[in-house]
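1. What shape does this take:
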Amino acid sequence: MPSTNKSRRNFTVTSNIIQDLIKIGAVKIETEDLFTWTSGLRSPIYCDNRLTMSYPEIRRRIADAFVEKIQKLEKPVDVIAGCATAGIPHAAWVAEKLDLPMVYVRSSAKKHGKGNQIEGKIEAGQRVVIIEDLVSTGKSSIQAAEALKTEGVEVVEVLSIFTYGLQTAKDAFNEKGLTYHSIASYEELLEQLVNDSLMNENERERMAQWRNDPYIFTNS
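-> The predicted structure is shown next:
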């Protein structure tokens, strides 16, 4: 019975956060007039979780969800790391709730000053969780993890608010021996949109096609 209650709670937390993202326009869906990402990829979805910073109640809910995931990890965590730039504020709120040190990781080392890529104090042997706002291909999260590992730090987990669930990301994380989990997933988003009558089954099918082949609309 306790596991059932936990499952229901996790579903409720995820559902609430997905509804939050939809409500504030952090997640936008256009199955016909597609979005073009910086990479040139044409997609029916665009996710901008940076908007959550402007909504105190929503960012607290997200921080609480991160904290719950961290507290369930098998290994204790010494430091919370924010992935620059959108993961930084969420890492700060999580670190504050857990009373833990925080660092953040740039995409590359600074070209001036001390040339730091990691800002803040971290030591070899410490265990860290990386906080990211979004996992698409996984590139930025993996770069952050590699920078931390270079300093002798153990990356316990990468956590994000949302993931597209692309196979590219799964393969990239597996190749580096990293694991990641998100508060909300692409599949859960689609289910929520259908349940709330914000998406019909034809639109859901088009979204599923893109997730299975992200280049299906780019190459057509």
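
2. contacts and neighbour counts: CA atoms only from here.
-> Fine.

3. Just the helices from the chain, written as ranges.
-> 2-23, 56-71, 87-98, 139-150, 167-175, 186-195, 201-212 (DSSP state H).

4. Including distance to residue 48, could the ones you listed go into TSV?
-> Shown next, in TSV, are the helices of the chain (distance: least, C-alpha to C-alpha, whole Å):
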stretch	distance to residue 48
helix 2-23	9
helix 56-71	14
helix 87-98	12
helix 139-150	15
helix 167-175	18
helix 186-195	14
helix 201-212	18
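
5. list the contacts for the residue nearest to the spatial centre of the chain?
-> In the chain, the residue lying closest to the centroid (C-alpha atoms, centre = their mean) is residue 160, at 2.2 Å. Residue 160 makes contact with 131-135, 180-183 under the criterion C-alpha atoms under 8 Å, 6 or more residues apart in numbering.

6. any idea how far residue 31 is from residue 136?
-> 18 Å (C-alpha to C-alpha, to the nearest Å).

7. right, I mislabeled it, should have said residue 56
-> To residue 136, residue 56 is 25 Å away according to C-alpha to C-alpha.

8. Could you report the pLDDT at residue 209?
-> Looking at residue 209, its pLDDT stands at 93.

9. again, but for residue 39
-> pLDDT, residue 39: 82.

10. and what of residue 2?
-> 47.
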